[in-house]
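A.B. asks: Model the following, please.
(chains A and B)
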Amino acid sequence: MLKKEDYQQHISAKFNSELESLRNHMLSMGGKVEQQLVTALDAVMKMDSGEAELIVRRDSEVNQMEMAIDDECATIIARRQPTASDLRLVIAIIKVNRDLERIGDEAAKVAKQAVRMSEDGRSPSNFIEIKHIGAMVGVMLRQALDAFARLDVDQAVEVVKGDDKVDKEYGSAMRSLITFMVEDPRNIGVILNEMWALRSLERIGDHACNIAEHVIYLVRGLDVRHGGLNELSDKGETL
Amino acid sequence: MSAIATITDIKTQNIEGKVPMDKRSALEIESQDATDTYETIGTPRVDNAKMSARHVNVFYGEKQAILDVSLDIGRNEVLAMIGPSGCGKSTFLRTLNRMNDIIPICKVRGDITLEGEDIYKSDQDTVMLRARVGMVFQKPNPFPKSIYENVAYGPRIHGLAHSKAEMDEIVEQSLRRASLFDEVKDQLDKPGTGLSGGQQQRLCIARAIAVSPEVILMDEPCSALDPIATARIEELIDDLKEKYTIAIVTHSMQQAARVSQRTAYFHLGKLIEVGETKEIFTFPKHQLTENYITGRFG
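C.D. replies: Model prediction:
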């Protein structure tokens, strides 16, 4: 099984350090994006437009990181022509990079909704759904990044499976918010803000799930996107 | 799941790929370490084999250079053989047309067949064999003759042409298949040694093709060539596989990745792993293969 230390075993010490710094940059981008999400949720709960605007501004830093990491990947491909686990690492990072950037975008969207919420007032739901689903996807993202850092397939599989739960919770949150709108149409404005934020959180869950799938590709060379994991377990195969 | 469990699973899934060491006792091996058994990972056997090697052991005097290698070369496929220097890949390649016969201390044990026929049988005509299994070497080695004569030499000694017109046809077609004709058509009477390195190598390929071989063995055919000449030869290899079966030894992993359908990895005389080239270069199953192709300390 692939281990972290394997990336330090090249005859070329420079190649070792290039891959190490690529991995570190990706993980620190992961940390940054995670922070963006946590702060965005906090801004919603506090209806703090100042904090929310800070998140929107910081999204451009995430975008810069995305471009820098892509550039690093292109350089490694051009100079090193990576193969096998090195190739899978570079490919996985290119993809994770994209998912992280999208998570950053979604966190910024949540923050934008927080600005609206601060203007429109508190929702009758008291943002309980956002708090709940936000915590779920926050854990998924953390676990997906941990799985990447530790090359932990078992944990990645858990994250992929967890996405179904988020989808279910999202469905039931939507139903409950519709009830509030039906009860009192004056709520429609604030509830819509909340629905948009929830939509972004649900997307973050999808991206965290993608990251976990890239970890499985990285470690096991298997493409489990688009239901591949279910197909494997239907065939009785385990990772 | 641990690494050991993973490899065991792969082995049990690939029952076809197993190469048991059942023939070893029949071989006269003095220097062999009795505990030194191994299994090749992957698919050394294929359904449409053009050539098959079974339990091949090669010795240079007391020293064993190849240990129990079993490997098929599929019809019209390009098989790349890679591995560090001294791993036995060139030695193995040379057993396929008995080039090792010319080394007095070299002994070959095991079975090698071409279209099911044993090529080491006692009445095998090695000149005929080498016409069927041609070879291209690391350094281009044209004869010190004209371009025309370089190509015509083989067909002449094998009596393949019955008239000047037929010979002209063979020479032209061989040079065309080697993508050289257009560059040399006006200087066929000039010495072959006057061509550039890349052209000389293509001339050697034309010379090998001229006797209508079934298999072409290439021993690092591009290592003395620049990238443009290399690209031409690689393009040519791709065309040639339509008509011929090709086994190529190369030190360039990128080359193996570019030209071959299957790749075999040799290490210290053993065939460690063989499989689809795409698999070998994206997810090799054996740690030694992984270490070699990613440039890690093995």
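A.B. asks: only C-alpha atoms for contact and neighbour calcs from this point on.
C.D. replies: Noted.
A.B. asks: Which stretches in the stretch 151-298 of chain B count as strands?
C.D. replies: Counting by DSSP state E, counting those that start in this stretch, the segments of the stretch 151-298 of chain B that form strands are B:215-219, B:245-249, B:262-267, B:270-276.
A.B. asks: Would you mind giving those as CSV with distance to chain A added?
C.D. replies: Supplementary listing: the strands of the stretch 151-298 of chain B in CSV, determined by distance: least, CA to the nearest CA, whole Å:
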stretch, distance to chain A
strand B:215-219, 23
strand B:245-249, 19
strand B:262-267, 13
strand B:270-276, 13
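A.B. asks: Which among these is found nearest to A:L218?
C.D. replies: strand B:270-276 (19.0 Å; CA to CA).
A.B. asks: quick one: the helices in the chain?
C.D. replies: Picking chain A for this. A:13-46, A:49-80, A:84-120, A:128-150, A:153-183, A:188-220, A:228-234 (DSSP state H).
A.B. asks: wrong one, chain B
C.D. replies: B:3-13, B:89-95, B:126-132, B:147-157, B:164-177, B:181-184, B:197-210, B:227-240, B:253-259, B:277-282, B:287-293.
A.B. asks: Could you report the neighbour count for the nearest residue to B:D68 once chain neighbours are set aside?
C.D. replies: Leaving aside its sequence neighbours, B:D68 sits nearest to B:H55 (CA to CA, 6 or more residues apart in numbering or on different chains; 4.3 Å). Other residues near B:H55 number 22, with proximity taken as other CA atoms under 10 Å in any protein chain shown.
A.B. asks: Model confidence at B:H55, what's the number?
C.D. replies: At B:H55, the model reports a pLDDT of 96.
A.B. asks: Please verify my assumption that it contacts B:V108.
C.D. replies: No. Because the distance of 10.3 Å does not satisfy CA atoms under 8 Å, B:H55 is recorded as not touching B:V108.
A.B. asks: What residues does the residue sitting nearest the centre point of chain A make contact with?
C.D. replies: Residue closest to the average C-alpha location in chain A (CA atoms, centre = their mean): A:A208, at 3.7 Å. Residues in contact with A:A208, defined by CA atoms under 8 Å, 6 or more residues apart in numbering or on different chains, are A:D99, A:V137, A:M140, A:L141, A:A144, A:V159.
A.B. asks: Using a markdown table, lay out those residues together with pLDDT and neighbour count.
C.D. replies: As requested, the contacts of A:A208 are arranged in a markdown table below (pLDDT from 0 to 100; neighbours: other CA atoms under 10 Å in any protein chain shown):
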| residue | pLDDT | neighbour count |
| --- | --- | --- |
| A:D99 | 98 | 21 |
| A:V137 | 98 | 25 |
| A:M140 | 98 | 28 |
| A:L141 | 98 | 28 |
| A:A144 | 98 | 31 |
| A:V159 | 96 | 27 |
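A.B. asks: State the pair within the residues you listed that is farthest apart.
C.D. replies: Greatest spatial distance among these (CA to CA): A:D99 and A:V159, at 14.6 Å.
A.B. asks: Beta-bridge partners for the most centrally placed residue in chain B, please?
C.D. replies: Within chain B, the residue whose C-alpha comes closest to the C-alpha centroid is B:A247; the distance, by CA atoms, centre = their mean, is 3.1 Å. Applying DSSP bridges to B:A247 gives these bridge partners: B:L79, B:L217.
A.B. asks: quick one, what contacts it?
C.D. replies: Applying CA under 8 Å, 6+ apart, we find B:A247 in contact with B:I73, B:V78, B:L79, B:A80, B:M81, B:L93, B:V215, B:I216, B:L217, B:M218.
A.B. asks: Pull the most distant pair out of these.
C.D. replies: Within the contacts of B:A247 (distances taken as CA to CA), the two that end up farthest apart are B:M81 and B:V215, at 15.0 Å.
A.B. asks: With adjacent residues omitted, what lies nearest to B:Y120?
C.D. replies: B:I112 (7.0 Å).
A.B. asks: Same check on A:R116?
C.D. replies: For A:R116, the closest residue by CA to CA, 6+ apart turns out to be A:N193, at 7.1 Å.
A.B. asks: quick one: contacts for that neighbour?
C.D. replies: Under the criterion of CA under 8 Å, 6+ apart, the neighbours of A:N193 are A:Q113, A:R116, A:M117.
A.B. asks: how about a cut-off of 10 Å?
C.D. replies: With contacts defined as CA atoms under 10 Å, 6 or more residues apart in numbering or on different chains, A:N193 is in contact with A:V110, A:K112, A:Q113, A:A114, A:V115, A:R116, A:M117, A:D120, A:S123, A:R199.
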